Every structure is written in C-alpha cells, then in structure tokens.
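# For reference, the sequence and a predicted model appear below.
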Amino acid sequence: MARGWRMLTVGRPKDKRVTQLIDDYRQRLTPWMPVQWDSVTEIGYRSGQELETQEREGRLLLDKILPSDWVIILDIMGQSLNSVDLSAKMAHYYDQSLPVVFVVGGSLGLSARIKDRANWRWSLSPLTLPHALAQLLVMEQIYRAFSIIHHHPYHK
C-alpha cells in the first residue's frame, strides 16, 4: 500500500478561503490516501527575468523531488481525462505503491527541467487557470478519484 502522496506547489494561495478548501479535501482524503501539501516560495521577478525565475523555481522544486518519486505535473499540453479514467489511473498508482508527487507551477509555469522529470503530464483544462485554482482543483480531483475507487457517493 502507498504511504501517502504529495502536492508540491510554487507558492500557496493568497486567499485563505482557497487554502481552507484545499485543507478540507486533504482531510477528507486522509482515511484513503493522505496527501501532504508542500510548497516552494514563488520568486518575484521583473520583466525580462521570466525564464531565469522559472528556472530558479524549477531548481527549488527539484530539490524536493526524490529520485523514486512518480512525478505528475500540471501542464496545459498534458493528457486530459474524465473523472472515471482519472480514478483508474490513481488506483493503478495506489496499487503499485508509487510515491506520487503532483507538481503545480507558479504564475510562470514549470521549467523545462521539471517537465523533463515528469512521469506524466496532466491537463485539468485547455484553459489557463490561476495557479491557486489549479491547486484546489488538483486536490478536489484526487478526492473525487478516491471517492470513485471507494464507491463513495461524492462522485455522482
């Protein structure tokens, strides 16, 4: 059995209500799959420093990723799944005891090094989402996937 997964983010939501919702889903998930929420500091930048800043944030993220981690990045160009197919993928990772780490970038997105490290690229939507909302949606979709796996009525 897997021992818990992680969501690794660049920054945390400034809006405490979003943080509370993320924590609520984490709490609901605990009996099935504890999900730790870890973050690195979002680095401020000036115009023209975007790529350098993205690389610096990428290095901070990579420092928190172990060689054994199964890394899932949020990427607009990634694979889009419906909730049932996502739950099947999550069940597979769970059954394989993979140490899953979901990585959500900051406002500049993820560096090429993080993208290269990814085991799977997941797209929540073809829309560009604020990263605080993406963090909330990741946690909600993990909860929804496990509610499907455990035949919980949350997923209707």
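Perfect, thanks for sending it. Numbers count the residues shown, from 1 in each chain.

# tell me the contacts of the closest residue to residue 105 other than its chain neighbours?
Nearest non-adjacent residue to residue 105, counting by CB to CB, 6 or more residues apart in numbering: residue 10, 5.3 Å away. (Glycine included, C-beta is placed from N, CA and C.) Contact analysis of residue 10 by CB atoms under 8 Å, 6 or more residues apart in numbering lists 39-42, 57, 60-61, 104-106, 131.

# Strands of the protein, start to end?
Using DSSP state E, the strands of the chain run over residues 5-10, 35-40, 70-79, 100-104, 120-122.

# Check which helices and strands the longest helix belonging to the chain is in contact with.
The longest helix of the chain (DSSP state H) is helix 131-149. Using 3 or more CB pairs under 8 Å, 6 or more residues apart in numbering; DSSP states H and E, the elements in contact with helix 131-149 are strand 5-10, helix 16-29, strand 35-40, helix 83-95, strand 100-104.

# what's the most buried one of the ones you listed?
Highest mean neighbour count among these (mean count of other CB atoms under 10 Å): strand 100-104, with a mean of 24.

# what about the strands of the chain, which gets the closest to residue 20?
strand 35-40 (12.4 Å; CB to CB).

# and the angle from that closest one to strand 100-104?
Relative orientation of strand 35-40 and strand 100-104, computed by axes from the mean of the first three to the mean of the last three CA atoms, to 10 degrees: 40 degrees.

# contacting residues for the nearest residue to residue 121 once chain neighbours are set aside?
Excluding its sequence neighbours, the residue lying closest to residue 121 (CB to CB, 6+ apart) is residue 78, at 3.2 Å. Neighbouring residues of residue 78 by CB under 8 Å, 6+ apart: 120-123.

# let's see 6 Å
121-123 (CB atoms under 6 Å, 6 or more residues apart in numbering).

# What subset of those is buried?
Burial by neighbour count, 16 or more other CB atoms under 10 Å: within the contacts of residue 78 this picks out 121-122.

# you'd agree residue 102 is up against residue 7?
Yes. Residue 102 lies in contact with residue 7 (CB atoms under 6 Å); the separation is 4.7 Å.

# Bridging across strands, which residues link to the most centrally placed residue in the chain?
The residue lying closest to the centre of the chain (CA atoms, centre = their mean) is residue 102, at 3.1 Å. Here residue 102 shows beta-bridge partners residue 7, residue 72, assigned using DSSP bridges.
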